[in-house]
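Asks: fold the following for me, if possible:
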Amino acid sequence: MLGWKLCCGTRLPADGFKREIAPGQGGRRSKEPTRMTSFISRLFGAKPAAEAGWITGEELAPCLAEALVIDVRGPGEFTGPLGHIEGARNIPLDRFAAETEALLAHDGPIVLVCHTDRRSSAAAAHLRAAGGKDVAVLRGGMVGWRGEGR
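Replies: As a prediction, the model looks like this:
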């Protein structure tokens, strides 16, 4: 299975949290967001699981050929002014649960994206609760992606 270490130089820990190390802290876990992911997991009938890892646009850009990018916004947003990441597949959040099995069959990293990162983090939590291992959320979503000049 292709992992983040192989395609991006970054490896997400087994617990799904990307470590952020600040001077003198030795490391801490980034726990964002929690209430929304728990709600969506309950909505989809999944048990709460550790949130997915996070990836920045800078980390994702060189990995686009290896990663399966799923945009969970609605079709109007997908084709709207912000556009979408080239090669991304549009699976709106309200249809996401129906696609879970097909997504879990993907042999490689999956990156979820939305407008900012709330809906995609909820979808990622659902996917991890269903057994997804190599799942990440694009930090800042399409707003962040476009803000980086991509």
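
Asks: for residue 90, give the beta-bridge partners.
Replies: residue 71 (DSSP bridges).

Asks: could you report the pLDDT at it?
Replies: In this model, residue 90 is scored at 98, pLDDT.

Asks: for residue 65, same thing?
Replies: On the pLDDT scale, residue 65 gets 90.

Asks: repeat for the one 10 residues further on
Replies: Per-residue confidence at residue 75 stands at 97 (pLDDT).

Asks: who touches it in this structure?
Replies: 90, 92 (CB atoms under 8 Å, 6 or more residues apart in numbering). (Glycine included, C-beta is placed from N, CA and C.)

Asks: give me the distance between it and residue 141.
Replies: Residue 75 sits 16 Å away from residue 141, going by CB to CB, to the nearest Å.

Asks: quick check: what element follows the helix ranked longest in the chain along the chain?
Replies: The helix that spans the most residues within the chain, counting by DSSP state H, is helix 118-129. Next along the chain after helix 118-129, taking DSSP states H and E as the criterion, comes strand 135-138.

Asks: got the contact list for that following strand?
Replies: Contacts for strand 135-138 (CB under 8 Å, 6+ apart): 4, 12, 16, 52-57, 60, 109-113, 117, 120-121, 124, 127-128, 144-145.

Asks: which of those fall within helices?
Replies: 4, 57, 60, 120, 121, 124, 127, 128, 144, 145.
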